[in-house]
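J.: Let me see the structure of the following:
(2 chains)
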Amino acid sequence: MNRIKSPKTAKNLRPGNISPRLEKLGNSIPVYLISAGSQPVTRIDLMFRAGSWWQTKPLAASSANAMLSEGTINLTGEQIAKKVDYYGAFINSSADRDNAFISIYTLTRYIDEILPLCADIAKNPSFPERELETLLERRRQNFLIQKTRVSSLAREQFAASVFGKDHPYGQTLALEDFDNLTCSDLRSFHEKYYRSGNCTVFVSGRFDSDKITAALDQLFGGNDWHSRPPVCEAVPPEPDAERIKMLIAKDDAVQSALRIGRRLFPGSHPDHPGMMVLNSILGGHFGSRLMQNIREKRGYTYGIGSMLTGLRFGGYLAIVSEVGGDNREEAVNEIYREMKELCDKPVSARELDLTRRHMLGEVLRSFDGPFAWLESIRNLAETDMDSGYFDKLVDTINTITPQQIMELARKYLVKGKMVEVVAGK
Amino acid sequence: MTGFKRRILDNGLKVIAHKDKSTPMSAVNILYDIGSRDDRPDRTGTAHLLEHLMFGGSISIPSYDIEVQNAGGENNAFTSNDITNYYITLPSANIETGMWLESDRMPGLDFSAEKLEIQKQVVAEEYKQRYLNQPYGDIWMIMRPMAYNIHPYKWPVIGSDISHIMNITVDEIREFYNEHYCPSNAILSVSSSLDEDYCLDLAEKWFGHVKKRKSLIRSIPEEPPQAGIRKMEVTRDVPYDMIIIAYRMCGRNAKEYHATDLISDLLAGGKSARLYRNLVMEKKLFGIINAFITGDRDPGLFVVKGRVSEGVEAEKAYNAIISEIDNFISSPPRNEELEKVKNKLEATRQYTHTDILHKATDLAYYELLGDAGYLNKELTLYRKTETEDIRRTAILLFRPDNASVLFYRAKNKSKKR
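T.: Numbers count the residues shown, from 1 in each chain, chains lettered A, B, ... in the order given. Below is the predicted model:
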């Protein structure tokens, strides 16, 4: 057997039909349904446009979200926890910059028990005082612990520098913020943002689509919690476009955390799919240039990567690593050298072909199983996009030329525009 | 129910194939029955360092990463106390590349002094990133040697000291590889949209030629029973005190394993669990509290770990855990409370098996325990566990003589306002 030659690999892989079934509840809440998979489980995600972008007080969005399952006008937090645990279900709530989520995982056979609970949590939270105190104390503890991590220090400063401190994506927390938040802040935040006009539902797993749509309609489809979706006012402009260099000193650190990058755009920007290709070559995976150079050739770090983040009202590119103190300067130089290389020299046909194959595999992997599929669709909806993005991305992966990649590098990988944050020494 | 077919090749390699037609992907997982417990005491970290070197190319394949990329694959690996596990997921059309890569590096890894030196640096950076440069990062560096006197679980997977890693030579690591990386010491599991028989035939095609070799018979010293509580205190630059209690528990195949696992869920699994309800929400002594088992193959540890709230004396917080444990024994969980953790366990398993990689990894691990089919049967063992089993197990487990306790104190205690 010839072991030197690799087995034949398929080219031009493309996911099949990835559009989920779309239904509308009586009050127009869109419901995306993906009934697939081998396990008898269901995951339901409720998405609200209620991330930190919308808050007027620090911590309000994430705390309102975390408090939903701590008590409703019908049940105490303990009663909710007991019931959820008894059915082996999980309710995870989370809030990021743009959106807030309530995610429910349950065995499909218990859906009639879990769904009403979920509606109660979303629509009727009571925001009890004592539980808020406990939550804020825990978050305060977490905050102080994060302050001792170089990676967290770098991440926070990077966001503040890339967006500016007055931009909702650049907000930083202060210790006193944990003292200033009240139950009534949370109530008014909930009142305004956890409304039907601001809600999208995603269901995935193995279930009967008609049955679940009917159940959702009964619990969430009425006009009892309607209001117009809030509108985004003007997006604050990019801070002064000079290169920013910052060092957050932490003398006892044995490694320094690096973040280098710049403000870019949401996923809907026409350059986004092309930048995904460029990012993949630069630092998007194990075989990428940064990983091969900084880790595999030089041994400066355990890991380095670059990521392209698209938000609803903006986005950024960030190169992230933690390197031994002695190698910090050299690592930073190499990062800029890799950027310059992409601006100066077109990528070889071989490297581009490998990148294409790798990225198409990635696209396919986003649809491995119903939960991953749902997440892919949800990620797009988070920034007002739909599955059409994948068509654009796959087309770009297949057709982008070395010249176009170099042009994107020259346009966006500009050293003079980079924010460079080091935490450590 | 996760169905599968099994084939044992002439060279001793066990192959498991599971079909899932709801995915466009395949997962190829290979488990080697070799972990940090097989390290030499003066060369701890060898098994893990070897895992890093496994990506450095093999006889016919100069670059592992390029071939993975070429096939649209994604791969990684982990080393634990007991096993080293490699996996790759790729579009099903390219599944053979996964087999080719794994079968090439099983008999003939390409060692070089230069590659070894670089990976030592990488592991040293990993050591700093995970253990030295993290608040509370050295807890297990302290706990392990306290809980174990002679069993190799006393050192962490990455190695007990950077100098151990730095001293490993090419010859030593090659010898380690030759002794342990052979077909009879490995389990290949494939979870794929393709037919099981087809996958088994592919395994035969690619792995059949790998020569049969004897692997080293392991001889690991048994840790003698603990005869008294062990206590330690350290002070570090962190904002809050932490209390860690480790009780010695049974091994993975012992009959008390399932009761022990359930006890950890009863105490701290979910927001309705006892420790969370009583010590976090009611008494507010802890900001966070967890209980978990290490679940190792040899007798492992049952751990309770809590972050003490501001202004609370660590001793008081510790005593509160102990009285919760006493209370657990005197009023053990019945009916609904017990039913709850069993339901939760069953559901969790269903959630994690919605993607092919978890299924492949679990099938290989259960085959290592004795039978991949155990993955499906184990649930009944949990279901059969009754209040009395829980109580009896708890009494043995929570003997004060059986505990190692660490008070991890904050140097500059955070003061409220």
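J.: how near is the nearest residue to residue B:53 once chain neighbours are set aside to residue B:337?
T.: The shortest distance from residue B:53 to any residue other than its chain neighbours is 5.6 Å, reached at residue B:119 (Cβ to Cβ, 6 or more residues apart in numbering or on different chains). For glycine as for every other residue, the C-beta is placed from the backbone atoms N, C-alpha and C. Applying Cβ to Cβ, to the nearest Å, the value for residue B:119 to residue B:337 is 48 Å.
J.: of the two, who's got more company?
T.: Neighbours were counted for residue B:119 and for residue B:337 using other Cβ atoms under 10 Å in any protein chain shown; residue B:119 has more, 25 against 18.
J.: which stretches of the stretch 301-417 of chain B have low pLDDT?
T.: The model of the stretch 301-417 of chain B has pLDDT under 70 over residues B:414-417.
J.: what does it put close to chain A?
T.: B:307, B:309-310, B:336, B:339-341, B:343-348, B:350-351, B:353-357, B:414, B:417 (Cβ under 8 Å from any Cβ of the partner chain).
J.: Test my guess that residue B:38 contacts residue B:180.
T.: Yes: at 6.7 Å, residue B:38 counts as touching residue B:180 under the criterion of Cβ atoms under 8 Å.
J.: closest point of chain B to chain A, which residue?
T.: Per Cβ to the nearest Cβ, residue B:72 is where chain B lies closest to chain A, at 2.1 Å.
J.: For the closest residue to that residue other than its chain neighbours, list the residues it contacts.
T.: Leaving aside its chain neighbours, residue B:72 sits nearest to residue A:361 (2.1 Å; criterion: Cβ to Cβ, 6+ apart). Residues in contact with residue A:361 (Cβ atoms under 8 Å, 6 or more residues apart in numbering or on different chains) are A:13, B:71, B:72, B:73, B:74, B:90, B:91, B:94.
J.: what's near enough to touch the fourth one?
T.: Right, residue B:73. A:358, A:361, B:88, B:89, B:90, B:94, B:97, B:98.
J.: now, which of these sits nearest residue B:150?
T.: Comparing those against residue B:150 with Cβ to Cβ places residue B:88 closest, at 37.0 Å.
J.: mind listing the strands in chain B by residue range?
T.: B:5-8, B:14-19, B:25-32, B:74-79, B:84-91, B:186-192, B:230-236, B:242-248, B:286-293, B:301-308, B:403-410 (DSSP state E).
J.: I'd like those strands as JSON lines, with distance to residue A:119 and mean neighbour count appended.
T.: JSON lines is the format used below for those (distance: least, Cβ to Cβ, whole Å; neighbours: other Cβ atoms under 10 Å in any protein chain shown):
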{"stretch": "strand B:5-8", "distance to residue A:119": "44", "mean neighbour count": "15"}
{"stretch": "strand B:14-19", "distance to residue A:119": "37", "mean neighbour count": "24"}
{"stretch": "strand B:25-32", "distance to residue A:119": "35", "mean neighbour count": "27"}
{"stretch": "strand B:74-79", "distance to residue A:119": "38", "mean neighbour count": "18"}
{"stretch": "strand B:84-91", "distance to residue A:119": "36", "mean neighbour count": "25"}
{"stretch": "strand B:186-192", "distance to residue A:119": "36", "mean neighbour count": "28"}
{"stretch": "strand B:230-236", "distance to residue A:119": "46", "mean neighbour count": "13"}
{"stretch": "strand B:242-248", "distance to residue A:119": "39", "mean neighbour count": "23"}
{"stretch": "strand B:286-293", "distance to residue A:119": "29", "mean neighbour count": "21"}
{"stretch": "strand B:301-308", "distance to residue A:119": "34", "mean neighbour count": "24"}
{"stretch": "strand B:403-410", "distance to residue A:119": "43", "mean neighbour count": "21"}
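J.: who does residue A:200 bridge with?
T.: Residue A:200 forms beta bridges with residue A:47, as assigned by DSSP bridges.
J.: Any figure for the gap between whichever residue of the stretch 251-400 of chain A sits closest to chain B and residue B:319?
T.: Residue nearest to chain B within the stretch 251-400 of chain A: residue A:361 (2.1 Å; Cβ to the nearest Cβ). As judged by Cβ to Cβ, residue A:361 and residue B:319 stand 54 Å apart.
J.: returning to what we had before: for the residue of chain B closest to chain A, give me its contacts.
T.: A:9, A:13, A:357, A:358, A:359, A:360, A:361, A:362, A:364, B:90, B:91, B:94.
J.: For residue A:151, which non-adjacent residue is closest in space?
T.: Spatially, and ignoring its direct neighbours in sequence, residue A:151 is nearest to residue A:257 (4.5 Å; Cβ to Cβ, 6+ apart).
J.: tell me the SS of the one you found?
T.: Secondary structure, DSSP: H, G, I helix; E, B strand; the rest coil: residue A:257 is strand.
J.: which one is residue A:152 nearest to, not counting chain neighbours?
T.: residue A:146 (4.1 Å).
J.: For the one you found, give its distance to residue A:139.
T.: For residue A:146, the distance to residue A:139 - Cβ to Cβ - is 10 Å.
J.: out of the contacts of residue B:72, which are inside helices?
T.: A:357, A:358, A:359, A:360, A:361, A:362, A:364 (DSSP state H).
J.: wait, the last one sits on residue B:25?
T.: Yes: counting by Cβ under 8 Å, residue A:364 touches residue B:25, with 6.4 Å between them.
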